[in-house]
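>>> for reference, the sequence and a predicted model appear below.
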Amino acid sequence: MNRQVTVVENILSANDQIAERNRATLDSNRVFSVNLMASPGAGKTSVITSTVAALQQDTRIAGIDGDLATSIDADRMAAMGIPAVQINTGGSCHLDALMLNKALEQLSLADVDLLLVENVGNLVCPSSFALGVHLNILIASVPEGDDKPYKYPGMYQGVDAVLLNKIDVLHAFDFDMEYFELGVQALNPGLMFMPISCTSNEGMDKWIGWLRQQAADYLISLGETGAIR
Amino acid sequence: MHELSITKHLLEVALRHAGDAERVTQLNLVIGELSGFVGESVQFYWDIITKDTKASESRLNIRRVPIEFRCQECYHEFSPGSDEFVCPSCESHILEIVSGKEFSLESIEVE
């Protein structure tokens, strides 16, 4: 006999549960964590390299890098003297909470203040899979075009900040910054939008200052004093 | 690959709720347009990964939910065009997403 069973459960609930465990692990070690997402070539690694350079004097940073194959990006992080773990997703187009969970086990979290997670370069699905980190940031770039929030609304929604990279080449592209930002703000009311260039360093002070503030607010939310300065 | 990992999650949820039923025959999904989830490829993977499970030969019924915004100025609700997010009534850009993020299994049919 046929019968109907009511379920009403998020399809990715198993992933979300692991993401919650990741969050608890990070919080118990007071590790502020950031997930960086972008399409290939938008400048994730450049943003990470610049961010590490700006913060590493007074902040203990670690990196986790997701890639289809190779450890080029993790090697770049390691070359800057920070502990880095490579996750090869074996063809999968995104990091999920379980992959992050395994990678966290390989880091000495008690010795980390800031964890930078570089997601797989992809503008379709990483945003569907919660990782349990504290901030989700999307890095867009001028050459991709100003219509991307409208074409990939699923990817652009649910992020805490959007960095628009490569503004040093703005003059060479027909890129309407206001149109781009309106699309991004419609999907994330009140989000932080920061145009930057890793080449000319324009906008980088604002990004670094904002990130420091987020990390400080995080420690306050945990009832801690002392912050990433 | 994206859809493959999602179908694995879906199978796990469905089998858990199937309890001691012998077979799962249908699954009723609600999928928002913002979820980046393509129905056709899911059915393709679904047929492969459900072989030898109690969900084998089951059908996926997908109810797609379009993106809807609510204007924060005049409270008009609307589906946006493909290249602009603006209230058609008052032209405000201050909006809130009211639907389109759905991504759930609502019910299953078992026997």
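Received the coordinates, thanks. Numbers count the residues shown, from 1 in each chain, chains lettered A, B, ... in the order given.

>>> elements contacting the worst-scoring helix or strand of chain B on mean pLDDT?
Least confident element among the helices and strands of chain B, by mean pLDDT, DSSP states H and E: helix B:39-49 (a mean of 83). Counting by 3 or more CB pairs under 8 Å, 6 or more residues apart in numbering or on different chains; DSSP states H and E, the packing neighbours recorded for helix B:39-49 are helix B:2-18, strand B:59-65. Backbone N, C-alpha and C define where each C-beta goes, glycine included.

>>> give me the angle between whatever helix or strand comes next after the first one and strand B:59-65.
Past helix B:2-18, further along toward the C-terminus, the next helix or strand under DSSP states H and E is strand B:24-32. Strand B:24-32 and strand B:59-65 meet at an angle of 20 degrees, taking axes from the mean of the first three to the mean of the last three CA atoms, to 10 degrees as the criterion.

>>> go ahead and name everything in contact with strand B:24-32.
Contacts with strand B:24-32, where a contact means CB atoms under 8 Å, 6 or more residues apart in numbering or on different chains, come from A:2, A:11, B:10, B:14-15, B:18, B:37, B:39, B:54-55, B:58-65, B:67, B:99-111.

>>> pull the contacting residues for the closest residue to residue A:1 other than its chain neighbours.
Closest residue to residue A:1 apart from its sequence neighbours, by CB to CB, 6 or more residues apart in numbering or on different chains: residue B:111 at 6.3 Å. Residues in contact with residue B:111, defined by CB under 8 Å, 6+ apart, are A:1-3, B:21-23, B:25.

>>> also residue B:35?
Taking CB under 8 Å, 6+ apart as the definition, contacts of residue B:35 comprise A:128, A:154, B:100-103.

>>> so among those, where is pLDDT lowest?
Model confidence across these bottoms out at residue A:128, which has 76.

>>> how near is it to chain B?
Distance of residue A:128 to chain B, given as CB to the nearest CB, to the nearest Å: 6 Å.

>>> I figured that residue hits residue B:9, correct?
No: using CB atoms under 8 Å, residue A:128 is not in contact with residue B:9; the gap is 10.4 Å.

>>> quick one: which of those two has more around it?
Neighbours per residue (other CB atoms under 10 Å in any protein chain shown) separate residue A:128 from residue B:9, with residue A:128 holding more: 22 against 19.

>>> now do the contacts for that one.
A:12, A:94, A:154, B:2, B:6, B:35-37, B:103.

>>> residues near residue B:66, how many?
Considering only other CB under 10 Å, residue B:66 is surrounded by 11 other residues.

>>> ok, now how distant is it from chain A?
Counting by CB to the nearest CB, the gap from residue B:66 to chain A is 11 Å.

>>> residue with max distance from the center of chain B?
Within chain B, residue B:90 marks the point farthest from the mean C-alpha position, 30.6 Å out by CA atoms, centre = their mean.

>>> Three-state assignment for it, please.
Classification of residue B:90 using DSSP: H, G, I helix; E, B strand; the rest coil returns coil.

>>> contact partners for it?
By CB under 8 Å, 6+ apart, residue B:90 lies in contact with B:71, B:73-74, B:76.

>>> looking at the residues you listed, which two lie furthest apart in space?
B:73 and B:76 (8.5 Å; CB to CB).

>>> what do those two both touch?
Common neighbours of residue B:73 and residue B:76 (CB under 8 Å, 6+ apart) are B:87, B:90.

>>> quick revisit: list buried residues within the contacts of residue B:35.
For the contacts of residue B:35, a neighbour count by 16 or more other CB atoms under 10 Å in any protein chain shown gives the buried set as A:128, A:154, B:100, B:102-103.

>>> okay, the residue nearest the centre of chain B: pLDDT?
Taking CA atoms, centre = their mean, the centroid of chain B lies closest to residue B:31, which sits 1.5 Å from it. Note for residue B:31: predicted pLDDT of 91.

>>> measure it to residue B:3 for me?
Computed with CB to CB, to the nearest Å, the distance linking residue B:31 and residue B:3 is 11 Å.

>>> check residue A:95 too.
Distance, residue A:95 to residue B:3, by CB to CB: 17 Å.

>>> residue A:215 now?
Distance of residue A:215 to residue B:3, given as CB to CB: 36 Å.

>>> repeat that for residue A:212.
According to CB to CB, residue A:212 stands 39 Å off from residue B:3.

>>> next: residue A:191.
Distance, residue A:191 to residue B:3, by CB to CB: 28 Å.

>>> quick one: least confident helix or strand in chain A?
Within chain A, confidence by mean pLDDT, DSSP H and E is lowest for helix A:72-79 among all helices and strands, at a mean of 84.
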